[in-house]
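*Asks:* A predicted structure for the sequence below; I have some questions about it.
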Amino acid sequence: MDVSNILNDLNEVQREAVSAPERSLLVLAGAGSGKTRVLVHRISWLCTVENVSPYSILAVTFTNKAAAEMRQRVEKMHSQPMAGIWVGTFHGLAHRLLRSHWQQADLVQSFQILDSDDQLRLVKRVINALELDDTQWQPKQVRGFINACKDEGDRPQHIADNGDPVRRQLVRIYAAYETACKRAGVIDFAEMLLRSLELLRDNKELLAHYQQRFRHILVDEFQDTNAIQYAWVRLLVGKENNIFVVGDDDQAIYGWRGARVENLQKFRKDFPLTRIIKLEQNYRSTATILSAANAVIGNNGDRLGKKLWTAGSDGQPITYYQAYNEFDEARFVIDKIKQWVSDGGLRDDVAILYRSNAQSRVFEQSLNSEQIPYRIYGGLRFFDRAEIKDCIAYLRLMNNLLDDTAFERIVNVPARGIGGRTLDLLRDAAKTKETTMWQAAERLIADKALTTRAATALQAFLDLIYEMQAATDDIELHEKVEHVIHHSGLIDHHKKDKSEKSEQRIENMEELTGAAKNFSVSEDETEEMDKITAFLTYAALESGEGQAEEWEDCVQMMTMHSAKGLEFKQVFICGVEEGLFPHQRSIEEASRLEEERRLCYVGITRAREQLTITNAEHRQLYGRDTYPRPSRFISEIPAELVADVRMQTKVTEPDFSSGFSQPQESAPFQIGQRVAHPKFGEGMVLNFEGIGSHARVEVNFEYEGTKWLVVSYANLSTL
């Protein structure tokens with residue numbers, strides 16, 4: 001049999017995986033090693049060589065896009081439709097099962113799927129129906145609890161409260177939510193998987209049917225499976241079927257949303273005869289980039305173990321730039337991008353990666369000022385983010401009580417018991433009397449035209465705005481912003497939701513304080529408007545400035561989580577500092593620190609030709625001044641792979657013939673002088689370099705060691 005079309009364009013290890021005997025097989029596929037090709041060719045091998053019917057193949061992926069690509073590539077290899085194969089996401093395949101067996105799944109035939117917003121609205125209605133305070137029982141937090149329980153396979157009756165009244169109430173809401181879903185004939189996304197698992201588990205004949213049909217099961221991105229997805233797969237495989245899973249424990253970066261990297265180890269225990277094949281040849285990156293990735297990830301323990309390599313060239317060294325501050329960091333990156341474009345490169349081939357969404361603000365500002373088009377992949381521009389718009393709306397309303405748009409946006413954000421009925425009355429009163437919403441609110445309260453509860457809630461909102469106006473009347477802009485985000489209740493509101501997204505929203509709001517701190521107004525603008533008005537105008541213009549279109553040649557910006565699965569010729573990983581990357585909340589916990597290191601590995605392996613790593617000696621982030629240490633991940637990269645680029649400034653050596661020399665005429669400190677820092681304590685000046693805003697001083701502190709500090713931010717005092 002001629003199998004050249006299946007095997008010829010594969011390397012030796014890929015061929016081994018594609019043509020392996022039918023049994024349980026784990027393919028450890030490193031970044032850029034051609035795992036999709038292996039999956040597609042494996043399906044073709046089964047159908048062509050092993051005479052397997054397409055009807056007996058089930059292939060599971062994690063995105064609809066990946067599923068469509070897999071089907072298209074299989075059909076292209078066979079030059080005909082392959083309708084019998086089930087290819088899809090976990091949710092898509094579970095949905096297909098439930099549609100086919102709705103009666104056995106205890107569903108109505110016309111059941112509908114709740115998206116995330118619909119689910120949140122139903123949770124809110126359930127909380128209100130139980131006469132609970134939705135400011136205490138936050139709908140988003142409750143929704144997260146329900147989905148997390150379902151992802152673990154737990155129904156309300158399975159959950160013990162362990163004497164915890166909060167947990168007991170959450171279980172009660174969960175039970176009421178399930179009743180509401182059944183009454184309405186709807187299911188949510190988490191329910192699809194749980195219900196399909198229960199459908200197969202509790203119907204032995206049906207399970208036997210599908211186990212008999214799907215004799216060959218293939219699963220992609222196995223390291224991203226959660227508890228219920230793993231249980232679903234294992235149930236279908238049974239004891240006799242063949243399973244072919246592809247995964248990479250070094251790219252497991254979604255633990256925060258329930259994925260379990262340990263499922264790869266569990267798979268080996270549950271299927272003890274599993275054969276392991278490692279795809280280690282990389283077709284994406286240079287040898288230098290791969291060596292750096294291998295060195296970093298090698299510091300994680302309990303790995304299944306593999307080492308990426310390439311038959312390609314060594315390529316350029318990794319560029320490392322330690323900036324004075326975040327603005328110098330952005331300037332350096334943008335200068336490199338401009339040089340790249342000048343040399344004939346495309347902006348589309350450039351990606352700026354960062355750990356925290358809040359880091360995008362300074363880059364957005366700098367790219368806009370240089371008129372360089374960009375897109376934020378998988379996210380919104382800083383001033384377009386909902387939490388930032390909420391903060392800005394508070395500032396707008398405080399600045400102008402006639403601003404109806406701002407009033408409507410935040411009158412019940414965070415929730416304060418002002419419902420849709422009250423807002424309808426406000427709108428009608430404002431329209432009838434031709435007044436603003438604020439004036440209508442005061443009139444309705446005065447006329448006692450609202451229920452006592454609605455009037456009390458509305459008056460509390462008006463009082464809050466008045467109080468914040470008075471408290472911030474004569475303080476700096478950044479202090480005003482900081483006061484608003486804390487006293488409006490927005491920070492506390494998002495803290496109640498323990499998800500990763502909520503933490504990002506808080507970081508973004510705190511970064512708005514930094515934006516205000518660095519905001520300056522020209523003399524011409526000062527004559528036309530005060531600083532708060534100028535800042536609000538700036539925010540509106542920044543928000544209105546649309547991103548580049550998808551078809552435009554533009555720089556790509558994204559978090560490292562969003563970058564997984566993508567590749568670019570030139571990659572910048574920015575803010576590689578202790579406390580930022582790895583993130584502060586992960587440093588003290590070994591498993592979370594290892595996930596941060598895997599995230600670094602993912603970031604490094606996005607680069608094909610050039611990789612640049614940057615950090616800053618002083619960074620103002622989330623409205624706070626910090627003097628971070630370079631990330632431990634930088635020190636884990638072998639020095640011979642790195643080209644250390646520094647600002648080209650004169651550094652004066654001490655003149656030992658006449659005591660200590662002055663580094664420059666304008667230097668505020670002398671080498672050898674003792675100084676004090678508010679955080680690091682006392683120390684001695686060792687060196688000085690740069691001028692103006694780039695001036696830096698090297699100080700050897702008694703307890704903190706040697707540090708380079710930006711003079712304009714360091715707040716040093718002489719002793």
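*Replies:* Everything's here; your move.

*Asks:* Run through the helices of the stretch 1-150 of the chain in chain order.
*Replies:* 4-7, 12-18, 35-48, 64-78, 90-100, 116-129, 139-151 (DSSP state H, counting those that start in this stretch).

*Asks:* Distance from the chain centre to the first one, please.
*Replies:* Averaged C-alpha coordinates place helix 4-7 at 39 Å from its chain's average position (CA atoms, centre = their mean, to the nearest Å).

*Asks:* ok, now the second one?
*Replies:* Taking CA atoms, centre = their mean, one finds helix 12-18 lying 34 Å from the centre of the chain it belongs to.

*Asks:* hang on, the earlier thing: next, format the helices of the stretch 1-150 of the chain as JSON lines and append distance to residue 441 and mean pLDDT.
*Replies:* Just so you know, the C-beta spots here come from the backbone N, C-alpha and C atoms, and that holds for glycine as well. What follows is the helices of the stretch 1-150 of the chain, written out as JSON lines (distance: least, CB to CB, whole Å; pLDDT from 0 to 100):
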{"stretch": "helix 4-7", "distance to residue 441": "71", "mean pLDDT": "87"}
{"stretch": "helix 12-18", "distance to residue 441": "67", "mean pLDDT": "95"}
{"stretch": "helix 35-48", "distance to residue 441": "57", "mean pLDDT": "93"}
{"stretch": "helix 64-78", "distance to residue 441": "46", "mean pLDDT": "87"}
{"stretch": "helix 90-100", "distance to residue 441": "44", "mean pLDDT": "93"}
{"stretch": "helix 116-129", "distance to residue 441": "23", "mean pLDDT": "91"}
{"stretch": "helix 139-151", "distance to residue 441": "25", "mean pLDDT": "92"}
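
*Asks:* so where does the residue most central in space within the chain fall, helix or strand?
*Replies:* With distances taken as CA atoms, centre = their mean, residue 561 lies nearest the centre of the chain, 5.1 Å away. According to DSSP states H and E, residue 561 maps onto helix 560-563.

*Asks:* Against which helices or strands is that helix packed?
*Replies:* Secondary-structure packing of helix 560-563 (3 or more CB pairs under 8 Å, 6 or more residues apart in numbering; DSSP states H and E): strand 350-354, helix 590-604.

*Asks:* that older thread, quick one: the residue nearest to the centre of the chain from residue 506, how far?
*Replies:* 17 Å (CB to CB, to the nearest Å).

*Asks:* same thing with residue 716?
*Replies:* On the measure of CB to CB, residue 716 and residue 506 end up 31 Å apart.

*Asks:* Check residue 578 too.
*Replies:* 20 Å.

*Asks:* Over to residue 577?
*Replies:* 19 Å.

*Asks:* picking that back up, can I get the helices of the stretch 1-150 of the chain in CSV including distance to residue 696 and mean neighbour count?
*Replies:* Output for those, formatted as CSV (distance: least, CB to CB, whole Å; neighbours: other CB atoms under 10 Å):
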stretch, distance to residue 696, mean neighbour count
helix 4-7, 59, 14
helix 12-18, 50, 19
helix 35-48, 46, 22
helix 64-78, 47, 16
helix 90-100, 52, 18
helix 116-129, 47, 17
helix 139-151, 44, 20
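
*Asks:* Tabulate the ones you listed (CSV), appending distance to residue 518.
*Replies:* Conversion of the helices of the stretch 1-150 of the chain to CSV gives the following (distance: least, CB to CB, whole Å):
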stretch, distance to residue 518
helix 4-7, 58
helix 12-18, 51
helix 35-48, 44
helix 64-78, 39
helix 90-100, 43
helix 116-129, 35
helix 139-151, 31
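
*Asks:* for these, which one sits closest to residue 422?
*Replies:* helix 116-129 (14.3 Å; CB to CB).

*Asks:* picking up where we left off before, what's the mean pLDDT across the following helix or strand past the helix holding residue 561?
*Replies:* Following helix 560-563 in sequence order, the next helix or strand is strand 568-574 (DSSP H and E). Mean pLDDT, strand 568-574: 98.

*Asks:* now stretch 309-319
*Replies:* Computed over stretch 309-319, the mean pLDDT rounds to 96.

*Asks:* Just the endpoints, please. Distance across that stretch?
*Replies:* Start-to-end span of stretch 309-319 (CA to CA, to the nearest Å) is 20 Å.

*Asks:* to the chain's geometric centre, what's the distance from that stretch?
*Replies:* 28 Å.

*Asks:* do stretch 394-411 as well
*Replies:* The answer for stretch 394-411 is 30 Å, by CA atoms, centre = their mean.

*Asks:* Pull out the buried residues from that stretch.
*Replies:* Under the neighbour-count criterion of 16 or more other CB atoms under 10 Å, stretch 394-411 has 394-399, 401, 403-404, 406-411 buried.
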